[in-house]
Each structure stands twice: as structure tokens, then as C-alpha cells.
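J.: Any chance you could fold what I've pasted below:
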Amino acid sequence: MPPLQRPAHRTEVTLPPRTGVLAANTDVLVVGGGPAGFGAAVAAADAGAEVVLVERYGFLGGNATVALVMPLMSFHNERKQAVISDDTRILPTDHGEGDPVVAGVLGRLLARLTATGGAVPPSPDTGYTVPFDPEQLKQVMQDMIDEAGVQVLYHSLASGTAPLADGHRVVFETKSGPVVIDARVVVDCTGDGDVAAAAGAAYDVGREEDGLTQPMTLQFRLVDVLVPQFSRYVDDHPDQWRGVHGLWDLVREATVAGELELPREDMLFFSTPHPREISVNSTRVTAVQATDVWDLTLAEIVSRRQMAEIARFLQERVPGFAEAYVAQSGMIGVRESRRFIGEYQLTGHDVLAARRFGDAIAQCAYPVDIHNPEGPGTLLRRLPQGESFDIPLRCLLPGDVDDLLVAGRCISGTHVAHSSYRITPVSMATGQAAGVCAALAAKTGRQPRHVPARDVQRVLRKQGAQLRDNLGE
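T.: This is a model prediction of the structure:
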């Protein structure tokens with residue numbers, strides 16, 4: 001059965017007026033409980049604000065848990081080149097020793113998660129990634145939100161917003177009908193910037209020349225993988241595997257045989273905290289938009305067919321996978337959608353030049369990492385060794401909407417810059433900064449754009465965030 005097709009002719013219908021239940025009036029409303037929203041809610045509460053967090057699903061974690069985006073990618077600069085004696089491990093081998101450039105809420109989360117066995121701490125052995133268990137991540141995030149005193153509402157999808165004399169009113173669609181929350185300041189952590197878009201904030205989508213975004217990917221967990229057998233294959237075919245990706249010859253053979261039809265040229269997967277499990281990141285759906293329900297439906301269907309092909313390919317052609325099976329899949333994972341036009345727009349030059357800003361509220365050392373919007377291939381450009389770039393507070397402030405901040409992958413930047421700062425740890429760092437700024441704005445009666453960056457930096461440092469010395473001097 002094909003998916004419901006997009007109407008050939010757009011017909012608008014008038015909907016009846018309705019009322020909603022006013023559920024809360026709060027200092028700070030965080031919309032979206034992914035990495036950015038989690039960071040924002042904890043930070044705003046720690047800064048003394050009353051906080052409500054609203055999430056569309058029934059648990060926290062966003063792409064990390066809903067879409068199984070695993071592991072956490074490196075949030076360390078690279079002071080030394082990698083020297084790896086074991087090139088058969090299924091973790092990155094190209095990231096050498098470095099220092100963390102993200103801490104704060106992320107550091108507290110990883111300490112808790114590691115203590116429960118739910119994560120492997122970053123080290124040279126992990127390529128400075130963090131393999132984690134998504135089920136344990138859900139619970140640890142919930143525990144930390146509860147301890148911070150954040151009020152949570154699940155199963156609620158933001159559908160609209162309206163300005164108030166002092167803040168915003170946001171409407172959520174729920175099983176109980178429309179629910180309304182009034183807030184002095186809203187932090188949009190929806191990934192796609194749904195609230196900011198509804199409020200009229202200007203944004204870009206995709207590449208500047210054609211609007212194409214990075215492809216979507218359905219990730220899945222494959223268990224009962226015999227890693228020693230796979231490692232022996234890698235030993236015997238050293239030209240066929242590079243840390244976390246490869247199998248070029250086998251992919252080519254399966255493609256020619258009609259067994260695989262993928263817009264990529266290799267397999268990409270990572271180890272998890274569990275010895276017989278891997279996280280597979282090899283599906284790819286191009287020419288779709290994350291803010292279009294027709295495209296999202298198509299992407300889910302296409303990517304699941306790709307998943308079945310990939311699982312069968314691994315079982316039939318790759319040593320160590322004969323008895324492996326798919327234990328869990330996520331929903332379609334989105335790399336790129338709206339990017340809001342803030343008071344400053346980060347550029348690819350800023351990233352690769354490791355640029356510094358006086359109003360910095362987070363750092364990032366992850367490379368430019370662009371999955372080809374049109375098909376096979378991935379562009380990687382690393383920062384200078386040992387360097388990171390700053391993310392200024394201005395990137396969290398839409399230039400044309402008051403009482404609202406954005407955090408996560410939808411902050412202000414170009415297509416190229418976005419490919420670096422979109423990763424989970426940095427999203428949590430921008431969320432933490434947005435939460436602090438929102439709390440200070442609510443407490444002082446200022447617009448977020450009028451909160452001095454030095455005040456945000458001071459509270460971030462108090463919360464353990466990693467910022468450069470001598471900011472603002």
C-alpha cells in the first residue's frame with residue numbers, strides 16, 4: 001500500500017474556533033526534551049527559574065533515544081594525532097588525545113550514566129566518542145530533571161504560539177485537547193524550531209544554492225554480532241575497513257547483484273556498551289524535508305526497506321553477522337532542517353578558522369561533516385589540531401522575535417557550519433546557555449537579547465560549563 005499522496009491541488013478548509021486549557025504560567029518554558037531541551041531545562045532551574053519542559057514523546061533524549069543516534073560524537077579538541085594499535089575495533093580510529101570543550105550539564109549527565117554502566121567514558125580507546133545505552137539514558141535524564149525541580153508534560157506537540165504583553169503563549173496538541181502554557185521566556189529546542197517558526201522568526205533551510213538538506217537516516221541496533229569473527233575479516237582485508245566504515249567491495253558486489261539499493265558507498269556502524277551489539281548508521285534518504293509530513297512519511301517507509309536490505313546483506317555477506325538480528329530501530333533521524341537567522345550567523349570559515357567570540361557561550365571541536373544531500377559521499381574537514389571554535393550567544397537569539405531563544409541544531413549558522421555544531425554534546429551546551437539566558441531574562445524582566453553575555457558566562461561557569469578564559473576582554 002503506497003503512502004498517502006500529497007494533494008495535487010492545495011485546498012484550504014476553515015476549522016472551527018476552539019478553546020484550550022491554561023495549564024501553567026511559568027518563568028521559562030522549554031519546548032522539546034532532546035539534548036538541547038534537557039540542557040536548557042536543567043540549567044534554567046539551576047539558575048533559579050520556575051521551569052516547565054514539554055516533550056512530544058513519552059520520554060527524554062530526543063534524537064539520542066527516539067532516533068537512536070549513537071554514540072555521542074567527540075566533544076574534545078585534538079591535541080595529538082591518533083596512534084591506534086587495534087584497527088579492528090568498531091569505534092573511530094582517527095581522533096587522537098584531546099581536552100573536553102563541553103562540560104556542565106553534559107558532564108554531570110555522563111558521570112551519572114557511566115556510574116550505572118550506561119555509557120563508556122570518552123578516551124583514546126573510544127576515539128573520544130561516548131557509546132551509550134539509550135534506555136539507561138532515558139532514565140538518568142528523567143532522574144536529573146526531577147531532581148532539578150523541572151515540571152514535565154509529555155505527549156504534547158507544539159502547534160502554535162502568540163505573543164503576550166510579557167512573554168509568549170504556546171499551544172500544544174494533546175489527547176486531552178489543546179493545552180496552553182504561558183511563559184515569560186520560551187526556549188525552542190524542538191530541533192526543527194517549530195515554535196520559533198510559528199512566532200514568525202526568519203530562517204534558512206539546507207544549502208544556500210538549492211535548499212537541499214543533509215539526508216535523513218534511520219539508525220538501528222543489531223545484536224548477536226560476533227565481533228571477533230568480523231575483526232578477523234578486517235585483519236585479512238585491511239583495505240576494507242577504516243575504524244567505523246567500509247566494506248566497499250562487499251557493498252559493490254551486493255549492489256551489482258541487486259541486493260542493495262543505497263545512496264551511499266559503504267557501511268557505517270559503531271560499537272555500543274554491549275559487547276555483541278552494534279549501532280548501524282547506514283540508511284540514507286535524500287531529497288526530503290523534515291518539516292514536510294509527506295516527506296517524513298516517505299522517509300520512514302524508504303529507510304525501513306533500506307534497513308531490511310542492510311540487515312540481510314550483513315547476515316549473508318559479512319563474517320560475524322550470520323546470527324545477528326535487528327533488536328530495535330528508531331524513528332527517522334533528521335540531520336538538518338530550519339536554521340534560524342540570529343543576531344550572528346556562524347559560517348564554515350568561523351568553524352575551520354577556530355574563530356573566537358567575546359560573547360561565547362559554548363565551544364565545538366567537531367569537524368565539518370556533510371553527508372551528501374544528493375547521494376553517495378561525505379565531506380569531512382577537520383579543525384586545526386588542538387583547536388575549537390566559539391558559539392556566540394547571538395546565535396541563539398532570532399533577530400526578529402522577542403522573549404524567545406533557540407538551541408540545538410536550529411541555531412543561527414550556515415549549512416556548512418551547521419554540519420559541525422549539530423552534534424548531541426554541542427546541542428546540550430547551547431541548550432544549557434539558552435536556559436541560563438532565559439532564566440536571567442525572566443528574573444530581571446529583560447528581553448533575552450538585552451541580557452549581558454558576561455552575566456550568562458558567569459552563571460555558566462558556576463554550573464561547570466567549559467568556556468575559554470578571558471572572554472569579553
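J.: okay, which residue is most central for this protein?
T.: Thr424 (4.4 Å; C-alpha atoms, centre = their mean).
J.: quick one: it and Val69 touch, right?
T.: Yes - under the criterion of C-beta atoms under 8 Å, Thr424 makes contact with Val69 at 6.7 Å. The way it works is simple: take the backbone N, C-alpha and C, and place the C-beta from them, glycine included.
J.: anything in contact with each of the two?
T.: Counting by C-beta atoms under 8 Å, 6 or more residues apart in numbering, the contacts common to Thr424 and Val69 are Asn63.
J.: Quick one, grab the pLDDT at the residue nearest to the centre of the chain.
T.: Model confidence at Thr424, given as pLDDT, is 98.
J.: How about Val120?
T.: In this prediction Val120 is given a pLDDT of 97.
J.: one step back: spit out the contact partners of the residue nearest to the centre of the chain.
T.: For Thr424, the contacting residues are Pro35, Asn63, Ala64, Val69, Leu72, Met73, by C-beta under 8 Å, 6+ apart.
J.: out of these, which are buried?
T.: Buried subset of the contacts of Thr424 (neighbour count, 16 or more other C-beta atoms under 10 Å): Pro35, Asn63, Ala64, Val69, Leu72, Met73.
J.: how about the nearest residue to the fifth one, chain neighbours excluded?
T.: Once flanking residues are discounted, Leu72 sits nearest to Val130: 3.9 Å by C-beta to C-beta, 6 or more residues apart in numbering.
J.: any idea how far the one you found is from Asp390?
T.: The spacing between Val130 and Asp390, counted by C-beta to C-beta, to the nearest Å, is 22 Å.
J.: hang on, the earlier thing: phi, psi of the residue nearest to the centre of the chain?
T.: Note on Thr424: backbone dihedrals following degrees, to the nearest 10 are phi -60, psi -50.
J.: With the one 3 residues further on instead?
T.: Backbone torsions of Ser427, given as degrees, to the nearest 10, read phi -60, psi -40.
J.: if we can go back for a sec, okay, the contacts of Thr424 in CSV with distance to Gln139 next?
T.: Listed next are the contacts of Thr424 as CSV, based on distance: C-beta to C-beta, whole Å:
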residue, distance to Gln139
Pro35, 16
Asn63, 17
Ala64, 13
Val69, 18
Leu72, 17
Met73, 22
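J.: which of these lies closest to Val251?
T.: Set against Val251, the nearest of the contacts of Thr424 by C-beta to C-beta is Val69 (22.3 Å).
J.: and the residue nearest to the closest one when sequence neighbours are not counted, what does it touch?
T.: With C-beta to C-beta, 6+ apart as the criterion, Val69 has its nearest non-adjacent residue at 4.4 Å, and that residue is Asn63. Applying C-beta under 8 Å, 6+ apart to Asn63 gives the contacts Gly34, Pro35, Val69, Gly191, Gly333, Val334, Thr424.
J.: In helices only, show me those.
T.: Among those, the ones falling in helices (DSSP state H) are Pro35, Thr424.
J.: and the contacts of Asn63 as TSV, adding distance to Asp99?
T.: Supplementary listing: the contacts of Asn63 in TSV, determined by distance: C-beta to C-beta, whole Å:
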residue	distance to Asp99
Gly34	26
Pro35	21
Val69	24
Gly191	28
Gly333	29
Val334	30
Thr424	18
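J.: ok, the contacts of Asn63 vs Asp125, which is closest?
T.: Distance from Asp125 was checked for each of the contacts of Asn63 by C-beta to C-beta. The minimum falls on Thr424, at 19.8 Å.
J.: how close does the closest one sit to Gly408?
T.: The spacing between Thr424 and Gly408, counted by C-beta to C-beta, is 9 Å.
J.: What ranges in the stretch 301-450 of the chain fall below the confidence cut-off?
T.: Screening the stretch 301-450 of the chain residue by residue with the criterion pLDDT under 70, one finds no matching range.
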